[in-house]
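Asks: For reference, the sequence and a predicted model appear below.
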Amino acid sequence: MTDMDITPTSFRTVIMTEEHSKMICSWVYPPPYNIYGFLPWEQMKGLEIEFGDANIRQEQYISVLDDKGSLWGFAQLFPMHEVTRIGLGMRPDWCGHGMGKRFMEAIVAEAVHRRPTDEIDLEVMTWNVRAIRAYEQAGFSITDTYERATPTGKALFHCMVYEAAPNEE
């Protein structure tokens, strides 16, 4: 039996640990999603970038675990003026298996818990239809589309804002 044979009954979030950080840095996404991968853990830690910085990891990063404690993914809850911007990633071999809505609900719940009056938004590349569908199912709507710089050049992004999951309205 593999991990994918067991569908989790729930997700929960915890502050990202160094062990989770190491695991996330080892994930390899297939093209075109490979742009979402991270540097090796020792480089992230040495450069103190993103969750390689212990303070940023403690303050902004959460791990998303299933009911058995398996790491499904992570999110950064980046505080802005009256906005919490979510950056996230799911373990590559578990992407595309219909768990995105529930995964996102756990992340949104933590964002609301931390800063209940903030608007919640995220950015997604316009070609990432699989992610956009999951975000829409979790209550996000496209509010803007724009071009911005990425490590591989300029790309089109949607800004999506959380309103409420369709079953909560």
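Replies: Received it, and whenever you're ready, just let me know what you need.
Asks: going forward, measure contacts between C-alpha atoms and count neighbours the same way
Replies: Noted.
Asks: which residues in this structure form helices?
Replies: With helices called from DSSP state H, the chain shows them at 18-26, 41-47, 54-60, 100-114, 129-137.
Asks: would you turn those into CSV with mean neighbour count and mean pLDDT?
Replies: Shown next, in CSV, are the helices of the chain (neighbours: other CA atoms under 10 Å; pLDDT from 0 to 100):
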stretch, mean neighbour count, mean pLDDT
helix 18-26, 17, 97
helix 41-47, 14, 96
helix 54-60, 16, 97
helix 100-114, 19, 96
helix 129-137, 18, 95
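Asks: Mind putting these into JSON lines with distance to G153?
Replies: As requested, those are exported to JSON lines (distance: least, CA to CA, whole Å):
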{"stretch": "helix 18-26", "distance to G153": "22"}
{"stretch": "helix 41-47", "distance to G153": "22"}
{"stretch": "helix 54-60", "distance to G153": "26"}
{"stretch": "helix 100-114", "distance to G153": "27"}
{"stretch": "helix 129-137", "distance to G153": "20"}
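Asks: for the chain, which spans come out with low pLDDT?
Replies: 1-6, 165-169 (pLDDT under 70).
Asks: how much space between I107 and I132?
Replies: The spacing between I107 and I132, counted by CA to CA, to the nearest Å, is 15 Å.
Asks: Beta-bridge partners for the residue positioned nearest the centre of the chain, please?
Replies: Geometric centre of the chain, nearest residue: L88, 1.4 Å, by CA atoms, centre = their mean. L88 forms beta bridges with A75, as assigned by DSSP bridges.
Asks: Kindly provide the distance from D66 to D93.
Replies: Taking CA to CA, one finds D66 at 15 Å from D93.
Asks: surely P92 meets V28?
Replies: Yes. Under the criterion of CA atoms under 8 Å, P92 makes contact with V28 at 6.8 Å.
Asks: returning to what we had before: which of D66 and D93 has more residues huddled nearby?
Replies: D66 (18 against 14; other CA atoms under 10 Å).
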